[in-house]
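A.B. asks: Need a 3D model of the sequence below.
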Amino acid sequence: MQNKRIQCIKRIDFCINIANFKAFSTIQLISLSCHGHTLELLPERAIFWRDTSTLLVSDIHLGKATHFRKAGIPVPFRSGYKDLVMLEGLISKYNPNEVLILGDLFHSTHNSEWEVFKQWRDKFSSTHFRLIAGNHDIIAERHYDDAELIVHFDLYECGPFAFSHIPEVNSKSDKYLFSGHIHPGIRLFGKGGQAEKLPIFYFSKDFAVMPAFGNFTGLGIIKPNTGDKLYAITPTQVFALQHPPHVFPDL
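C.D. replies: Numbering: from 1, shown residues only. Below you'll find the predicted structure:
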């Protein structure tokens, strides 16, 4: 059943007319109940799971700028540093017991940005860092040990939820699944023909997909299904989108 439900997530060019959607929240974050637990969707493209004091992020892709520059591609060098600054701000604000990363912490093979991350990690000795290894997390395992990361190379379960990187899991778990990998986004059109792409939190009845936390990442434009919940993200707020005539049921 899980394999079938995941198939609806596709990287396709689907355009959502903003006139056909209704934004019904303009606050900076959205707090929702999911399987009896409180999740705060943050404009920093993260989720604070209040019941367990866990900060969820996905697809940071540290080291990507250095990887590209080594290949002769001119990209901003400090993109990864900006992500660490933003993550540090969230840790300082929410003081989580654990930071749970749903894959692609690091973009490729080991480079100097890993050492920057390791030094940054040392600031938070009292905070657990847990990584669900993604397809880009290919550095040697000793580097994870040196940075005191708890690493899972398969599905991880906690409470009513399961966590993976790629939203393609087998029937190992019937829990509500959180994943990343896709960098979900939507394209909104205004009445004047203007268009804007925005990252989203994507919730269906059985699974959710996190937006990419890293600022040096793209978007996978997706087509929502009837009953799915989409929460669009701007730099300052998260707002829910509703597509009439469908009514999004409570999770």
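A.B. asks: Pull the distance from stretch 122-141 to the chain's centre.
C.D. replies: Centroid separation between stretch 122-141 and its chain, computed with Cα atoms, centre = their mean, to the nearest Å, is 15 Å.
A.B. asks: Show residues contacting it.
C.D. replies: Contact with stretch 122-141 is made by 59, 61, 88, 91, 96-110, 114, 121, 144, 147-153, 156, 163-166, 180-181, as judged by Cβ atoms under 8 Å, 6 or more residues apart in numbering. For every residue, glycine as well, the C-beta is placed using N, CA and C.
A.B. asks: Next, the buried residues of the longest strand seen in the chain.
C.D. replies: Identified as the longest strand of the chain according to DSSP state E is strand 195-203. By neighbour count with 16 or more other Cβ atoms under 10 Å, strand 195-203 contains the buried residues Leu198, Pro199, Ile200, Phe201, Tyr202, Phe203.
A.B. asks: Now do the helix or strand following it: which elements does it pack against?
C.D. replies: Next helix or strand after strand 195-203 toward the C-terminus (DSSP states H and E): strand 207-209. Packed against strand 207-209, as judged by 3 or more Cβ pairs under 8 Å, 6 or more residues apart in numbering; DSSP states H and E, are the following elements: helix 2-6, strand 176-179, strand 195-203.
A.B. asks: which neighbours does strand 207-209 have in its sheet, and in what orientation?
C.D. replies: Strand 207-209 sits in its sheet next to strand 176-179 (parallel), strand 195-203 (antiparallel), going by DSSP bridges.
A.B. asks: Can you give the contact residues for the last one?
C.D. replies: Pointing back at strand 195-203 there. Strand 195-203 is contacted by residues 9, 15, 34, 41, 45, 47, 183-190, 208-212, 219, 221-222, 224, 228-234, 238, 241, 251 when judged by Cβ under 8 Å, 6+ apart.
A.B. asks: With the shortest one instead?
C.D. replies: Outside strand 176-179, the residues that touch it by Cβ under 8 Å, 6+ apart are 2, 34-35, 56, 58, 102-103, 160-167, 169, 206-210, 251.
A.B. asks: could you pull out the strands for the stretch 51-200 of the chain?
C.D. replies: 54-57, 98-101, 128-132, 149-152, 156-158, 161-163, 176-179, 184-189, 195-203 (DSSP state E, counting those that start in this stretch).
A.B. asks: For PyMOL, write the select line for the buried members of the contacts of stretch 122-141.
C.D. replies: Burial among the contacts of stretch 122-141 is assessed by 16+ other Cβ under 10 Å; the matching PyMOL selection reads:
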select buried, resi 59+61+96+98+99+100+101+102+103+104+105+106+107+108+114+121+144+147+149+151+152+156+163+164+165+166+180+181
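A.B. asks: Extract the residue ranges of the chain that are flagged as low pLDDT.
C.D. replies: Along the chain, segments meeting pLDDT under 70 span 1-27, 64-80, 107-110, 136, 169-171, 216, 242-251.
A.B. asks: where do the helices sit along it?
C.D. replies: Taking DSSP state H, the helices of the chain run over residues 2-6, 64-70, 79-94, 112-121, 141-146.
A.B. asks: Just the CA atoms of the fourth one, as CSV, please.
C.D. replies: These are the backbone C-alpha positions of helix 112-121, laid out as CSV (Å, rounded to 0.1, in the frame of the first residue of the first chain):
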residue,chain,number,x,y,z
SER,A,112,36.4,21.6,3.6
GLU,A,113,32.8,22.5,4.4
TRP,A,114,32.5,19.3,6.5
GLU,A,115,35.2,20.6,8.8
VAL,A,116,33.3,23.9,9.1
PHE,A,117,30.1,21.9,10.0
LYS,A,118,32.1,19.8,12.5
GLN,A,119,33.3,22.9,14.3
TRP,A,120,29.8,24.3,14.2
ARG,A,121,28.4,21.1,15.6
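A.B. asks: can you offset everything so residue one is 10?
C.D. replies: Sure thing, new numbering starts at 10, so read that last one as helix 121-130.
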